[in-house]
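> Any chance you can model this:
(chains A and B)
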2 protein chains.
Amino acid sequence: MDTDRFARLTAADLVQLRRICGDDYIVTAGDDLKIYGSDETEDLNFLPEVIVKPRTTEQVAAIMSHCHERHLPVTPRGGGTGLSGGALPVFGGVCLSVEKMNKIVEVDTDNLMVVVQPGVVTQTLQEKVEEVGLFYPPDPASRGSCFIGGNLAENSGGPRALKYGVTKDYVLGLTAVLPTGEVITPGGKLLKNVSGYNLAQLLVGSEGTLAVITEIILKLIPNPQYRKTLLVPFDDLEAAAVALTKIFFARITPCAAEFMERSAIKAAENKFEKSYPHSDAAAQLLLEVDGNDLEQLDSQCETIAEVCVECGAIDVFVADSPQRQNEIWEMRRGVGEAVKSICPYKEEDTVVPRAELPKLVKLIREISARHGITTISYGHAGDGNIHVNILKKDLSDDEWDNRLPEVITELFTQVVALGGTISGEHGIGWVQKRYLPLAVGPAELALMRKLKELFDPHGILNPGKLIPDE
Amino acid sequence: MDTDRFARLTAADLVQLRRICGDDYIVTAGDDLKIYGSDETEDLNFLPEVIVKPRTTEQVAAIMSHCHERHLPVTPRGGGTGLSGGALPVFGGVCLSVEKMNKIVEVDTDNLMVVVQPGVVTQTLQEKVEEVGLFYPPDPASRGSCFIGGNLAENSGGPRALKYGVTKDYVLGLTAVLPTGEVITPGGKLLKNVSGYNLAQLLVGSEGTLAVITEIILKLIPNPQYRKTLLVPFDDLEAAAVALTKIFFARITPCAAEFMERSAIKAAENKFEKSYPHSDAAAQLLLEVDGNDLEQLDSQCETIAEVCVECGAIDVFVADSPQRQNEIWEMRRGVGEAVKSICPYKEEDTVVPRAELPKLVKLIREISARHGITTISYGHAGDGNIHVNILKKDLSDDEWDNRLPEVITELFTQVVALGGTISGEHGIGWVQKRYLPLAVGPAELALMRKLKELFDPHGILNPGKLIPDE
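I've put the predicted structure just below:
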C-alpha cells in the first residue's frame, strides 16, 4: 500500500479541526483512541491520531474539505459493530465518528417515512416508529448498538431481509458529504424518482468509501400486528434446507428463516448457561411469519409444520407469546457472540442462491474436513446467506496463518461457482478485499477503482477498504 | 452540442456491423429508419443511419467495441414506448435495437427469480411467471408493448409501485456491455450482496447512457390470489387527495391508487366512444387491494369506502369480477393515449411526497390559469406521481413555443419546492434535460457528468440524453 500519499496530522490541523467541531468534540489522547481503533472484526486494532465528533452536515463538510486539501486520511465510524473492518483507521489520521449526529429528525406519518441522522441506533429508530404503528424492517443482529449510518454503509440485512428486503430497499434520499467537502442531496421523500443517475443507491453499500452520509430519508411500512415463531429441529442439515424451499412453494413467505447447526446452538448454551430444546439435533430452523390476520398466521404455521415434518423434522415448537419469541431470538442473536468467544476465529459471510443452500452446507463440511479445521455455521437460510466461522482451536499460529487463506480461497471459489458471492451483508472492508477478485471480474473491478478515484481524487476517505491493493 | 466529436458512418463500418450481426439483422434503408427514429415522445423524429439487431451479448460487445473505436454514436432501443425521447437517435449513427434478444431464459421457481433478455415485452414476462403462480409487479401503462430492458433503463413504475416498488426493487443481477465493449455482470441470483459497489443499481434508471443491458435477473414474489378494484368519484380534487392519505392511516396499503381528473376521463370517453359512470365528477380515484384472503380484502374495501365517503366521495363502485376490473383498467390505461390524441401536447412527469398531492393539484390549476393554457392531469396518486399534459389547443405556434418553457420551468420549480422532482418514471432523456438543473444541485450534476465520462470516454452511448448541455 502506498502510504506516502498521505500527509501526517500536524498541530495546525488539530487547531483547524477544533475550530470546526469545538473543543468538546475532539479527542487526541487517552483510552478512546484504542477503543475507536477497533470494531467487532476479530482482534484488529489501528490507532487513529484524532477522533472528531461533528454535529452537523456543515461541520462534516468543513472537516472533509480540510482533509482533502491536506491529504489526511479520514475513517468514518458508526456504532463500531462492523464485521469486515470497515471502521478501522488503518492509516491512522482522522476518525470521524457520527455518534453526535443521533437525532430522529422527523417521523413523517403522512408520507410513511422517517428522516434520521446517521448516529441513531437502529433499534431506537425501530422502536420510535413502532410507537405510531410503523415498521422499519432491516434488523441486523447488532441492532441494539449499530447505527443506521453504518447499516447504510454496509447495506445491512438481517433475518427479515427474506420478506422485507435489505437496507437499500428503504433508502429514498440522502444528504452526503463528498470526500472533497461538497454536499449532495440525492433522492428525497419520493417513492418514484428517475431524475438523473441514482447516486443514493450507489452510496448505499459503498462502505463509507465514497461519501459521508449525514442525513437519511427512509421508507416505512405499516407494522404487522401479529407474529408467530417456530423452532424446528432436524437431524439432517440438508433436510432442513429442502424443507425451507418447500415452504416457499406452499405460497408462504416467512419474515425470517434462520439456520443454526448443532455446534452453534451448543456454543450459545455454553456461553449463556442455558439449555435449549433438542439442542442435540443436527440443525434447527427458526421460522417466523407475520401479518394482520391471526387466523391466516395459524394456518401458515400449520402448513409450515406439515412441510417440515414431511421433510424429516424431529419436532415443531410454535412460540405465540412475545416472551417465548424473545427467548428464541435472544438465542439466535447470541450465537455470533457465543461462537466468537470460543477462540480466535475468522468469519465469512457467504451467500448463494437460496436453492443452492444444501450444496453450500455440504461444501463447508467437506472443506473443513479436508483442511482439518473447525467451522461453525449459522445465518439467514431464507436468503442463502450463511455465516461461516472458522475457528483456530488447537492449531498453532503458523498452521492458522498458512491454512486460513487456502481455506477461504477454496470456500469463496466454490461459493462463486454456485452463483454466490463473498459477502451478503458484512461488506468487504479491510479483511475481505484481497478476495474480492474471486467474485468480481476485472472489467467490473476496474470500474469500481475508477469510481473511487472519481469521488475521492486524493483517496482520503476510508482508505484501504473495499478496493483490493494493486 | 458538440457534434464534431462523432465520426460519420462509412461503408467499411457497415461491412463490419454486417459481419458482427449477420445480413438479416441490419437495416440501412426503407420505412424502418423513420419508424426507429421516433418513440412515443411527442412528434419527434431523428433518422438513424443504420439499425442493428444483435442476438447475443457477444454481438452487442463487438458492436460497442467497434463504435467506441470509431467514435460512432449508438442509441439503444427497447419497445420504443418511451416518453422522454430516450430512444431517439438524435445524432443519427447506429440504432441498437434489442428486439431480437427476446428470450425468457429461465423461470427459476426454486429461487423465485426470472432470467430474461432485454427485448421481452413486460406483459409477456408477467404472464409467463403467472403461469407458475409468481408475480412481477411493475406495470407501466405500456406493458403490452414496452420491453423489460426499457423498463430498467427508465426505472419504470406504474400503478403498483405504491405497494410493490419500482423496477429497481426487482433487479438482482445484470449482464451489461459498457460503451467500450467490455462486459460486466454485477449482482446475481442473490437476495443479499455487498461485494463491491452496487453497479447494477447504478445502471437501473441510467436511461441507456452508461451501458447496454443484455440480460437481467429479476426477483419474483408469490402471486396474490385475489384483487378488488374500486372506482370512487369526488366532486373536489383535494378531497380525493385527502381521502387517499387517510386510507394509509387505516393500515391499508392499496396495490394501486390512481387519480384522474374530469377532463382525462372525458378524453377517454371521446376517444373510445364509451361512457363511464359519474364521468362529470371533478376527479375519480381508482383503488385496488390484493392478497390471498378474500375476507380480509372485503373488509379493506369496506374501510376504504367508509374513509372515502367521510371525505366526500359521491359514490363507491366495487369491481369484483376480472371483466369489470379490466374495463376500469382499460379506461385508466387508455387515458394517456386519449389525452395525447386531442392535439399537440407536452407531458410532464411530476412527483412529490404523497402528502403534498393536494398542493400539487392546486398549483397545476393555478399555473394553467395564470398562463392561459390547458392541462389535463392523471396518474399515480398513491405515490405522488402525476402526469401533467400541457395541450397546445388553439395557441399559435409562436405562443406555444414561447409559453411552454416558462410554464414548465414554473411547474418544476414549484414541484421541487414541495420536495418533489421532475421525473418519477418517464426519465429525463432528450426532452427534459434542460430542466434537470432545477432538480439536481451543481455538485450532484458535476458528479453525474463525470460518471458518464468514466463509463463512456468517447461519449458515444445514447449521446445527448439525460445530461444537460454545457
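> tell me what the helix or strand of chain A with the lowest mean pLDDT is packed against?
Least confident helix or strand, chain A: helix A:237-249 with a mean of 84, by mean pLDDT, DSSP states H and E. Helices and strands touching helix A:237-249, by 3 or more Cβ pairs under 8 Å, 6 or more residues apart in numbering or on different chains; DSSP states H and E, are strand A:226-234, strand A:256-261, strand A:283-291, helix A:294-310, helix A:357-371. Placement of C-beta: from N, CA and C, glycine included.
> Redo these as JSON lines? Include mean pLDDT and mean neighbour count.
Putting the helices and strands packed on helix A:237-249 into JSON lines (pLDDT from 0 to 100; neighbours: other Cβ atoms under 10 Å in any protein chain shown) gives the following:
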{"stretch": "strand A:226-234", "mean pLDDT": "95", "mean neighbour count": "22"}
{"stretch": "strand A:256-261", "mean pLDDT": "93", "mean neighbour count": "26"}
{"stretch": "strand A:283-291", "mean pLDDT": "95", "mean neighbour count": "25"}
{"stretch": "helix A:294-310", "mean pLDDT": "94", "mean neighbour count": "17"}
{"stretch": "helix A:357-371", "mean pLDDT": "93", "mean neighbour count": "18"}
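> Switch these over to TSV; also include distance to A:Asn270.
Output for the helices and strands packed on helix A:237-249, formatted as TSV (distance: least, Cβ to Cβ, whole Å):
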stretch	distance to A:Asn270
strand A:226-234	18
strand A:256-261	14
strand A:283-291	16
helix A:294-310	27
helix A:357-371	20
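> And these: which comes nearest chain B?
Among those, helix A:294-310 comes nearest to chain B, with 5.5 Å by Cβ to the nearest Cβ.
> next structured bit after the closest one?
As assigned by DSSP states H and E, the chain's next helix or strand after helix A:294-310 is strand A:317-319.
> Identify the residues contacting that next one?
Residues from elsewhere that reach strand A:317-319 (Cβ atoms under 8 Å, 6 or more residues apart in numbering or on different chains): A:228-232, A:277, A:301, A:305, A:325, A:327-328.
> partner strands of that strand, parallel or antiparallel?
Counting by DSSP bridges, the strands paired with strand A:317-319 are strand A:226-234 (antiparallel).
> Okay, angle between the strand it pairs with and strand A:283-291 too, please.
For strand A:226-234 against strand A:283-291, the angle by axes from the mean of the first three to the mean of the last three Cα atoms, to 10 degrees is 160 degrees.
> Please report how far the residue lying closest to A:Gln16 once chain neighbours are set aside lies from A:Thr57.
The shortest distance from A:Gln16 to any non-neighbouring residue, by Cβ to Cβ, 6 or more residues apart in numbering or on different chains, is to A:His66 (5.5 Å). Here A:His66 is placed at a distance of 15 Å from A:Thr57 (Cβ to Cβ, to the nearest Å).
> Work out for me the element A:Glu215 sits within.
strand A:212-219.
> so, in contact with chain B or not, the very next helix or strand once past that strand?
Using DSSP H and E, the next helix or strand after strand A:212-219 towards the C-terminus is strand A:221-222. Yes. Strand A:221-222 reaches chain B (Cβ under 8 Å from any Cβ of the partner chain) through A:221-222.
> What of stretch A:438-445?
Yes. Using Cβ under 8 Å from any Cβ, stretch A:438-445 reaches chain B at A:439-441, A:443-445.
> Now do the domain split for chain A, please.
Listed by automatic domain parsing, the domain ranges of chain A are A:104-222, A:226-417.
> any idea of the mean pLDDT in the first one?
Okay, so that is domain A:104-222. Averaging pLDDT along domain A:104-222 yields 96.
> First-to-last residue distance for that domain?
18 Å (Cα to Cα, to the nearest Å).
> on that earlier part again, give me whichever of the domains of chain A is most buried.
The highest mean neighbour count among those, using mean count of other Cβ atoms under 10 Å in any protein chain shown, belongs to domain A:104-222: a mean of 23.
> how far does that one sit from the chain's center?
Put simply, domain A:104-222 sits 13 Å off its chain's centre (Cα atoms, centre = their mean, to the nearest Å).
> same deal with stretch A:234-248?
Chain-centre distance of stretch A:234-248: 25 Å, with Cα atoms, centre = their mean.
> Any chance you could list what contacts it?
If you take Cβ under 8 Å, 6+ apart as the criterion, stretch A:234-248 is touched by A:232, A:254, A:257, A:259, A:261, A:281-285, A:287, A:303-304, A:307-308, A:310-314, A:354-355, A:357-358, A:361-362, A:365, A:381-382, B:110, B:112, B:222.
> Scan the residues of stretch A:438-445 next to chain B and report the most crowded one.
A:Val440 (25 neighbours; other Cβ atoms under 10 Å in any protein chain shown).
> show me what contacts the nearest residue to it once chain neighbours are set aside?
What sits nearest to A:Val440 in space, not counting adjacent residues and going by Cβ to Cβ, 6+ apart, is B:Gly196, at 5.1 Å. Contacts for B:Gly196 (Cβ under 8 Å, 6+ apart) come out as A:428, A:436, A:439-440, A:444-445, A:448, A:466.
> would you list those residues in a markdown table and tack on pLDDT, distance to B:Leu125 and secondary structure?
Shown next, in a markdown table, are the contacts of B:Gly196 (pLDDT from 0 to 100; distance: Cβ to Cβ, whole Å; DSSP: H, G, I helix; E, B strand; the rest coil):
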| residue | pLDDT | distance to B:Leu125 | secondary structure |
| --- | --- | --- | --- |
| A:Ile428 | 98 | 33 | coil |
| A:Leu436 | 98 | 33 | helix |
| A:Ala439 | 97 | 28 | helix |
| A:Val440 | 97 | 28 | coil |
| A:Glu444 | 98 | 26 | helix |
| A:Leu445 | 98 | 31 | helix |
| A:Met448 | 98 | 30 | helix |
| A:Leu466 | 98 | 34 | coil |
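> Output those residues in TSV, with distance to B:Ala250 appended to each entry.
Shown next, in TSV, are the contacts of B:Gly196 (distance: Cβ to Cβ, whole Å):
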residue	distance to B:Ala250
A:Ile428	44
A:Leu436	47
A:Ala439	45
A:Val440	46
A:Glu444	46
A:Leu445	50
A:Met448	46
A:Leu466	44
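> Just give me the closest of these to A:Asn402.
Closest approach between those and A:Asn402, by Cβ to Cβ: A:Leu436, at 21.8 Å.
> you'd agree that closest one is up against A:Ile422?
Yes. Between A:Leu436 and A:Ile422 there is a contact under Cβ atoms under 8 Å: 7.0 Å.
> The two: which has the busier surroundings?
The residue with more neighbours, out of A:Leu436 and A:Ile422, is A:Ile422; 26 against 21, by other Cβ under 10 Å.
> Could you measure from that one over to A:Lys228?
34 Å.
> on that earlier part again, who touches both of A:Leu436 and A:Ile422?
Taking Cβ under 8 Å, 6+ apart as the contact rule, A:Leu436 and A:Ile422 both touch A:428, B:195.
> In contact with A:Asp68, which residues?
Just to correct that, residue A:68 is His rather than Asp. With contact set as Cβ under 8 Å, 6+ apart, A:His68 has these partners: A:179-181, A:458, A:460.
> ok, of those, which one's closest to A:Gln117?
Using Cβ to Cβ, A:Gly181 comes nearest to A:Gln117 of the contacts of A:His68, at 18.7 Å.
> OK, contacts around the closest one?
Contacts of A:Gly181 (Cβ under 8 Å, 6+ apart): A:61-66, A:68.
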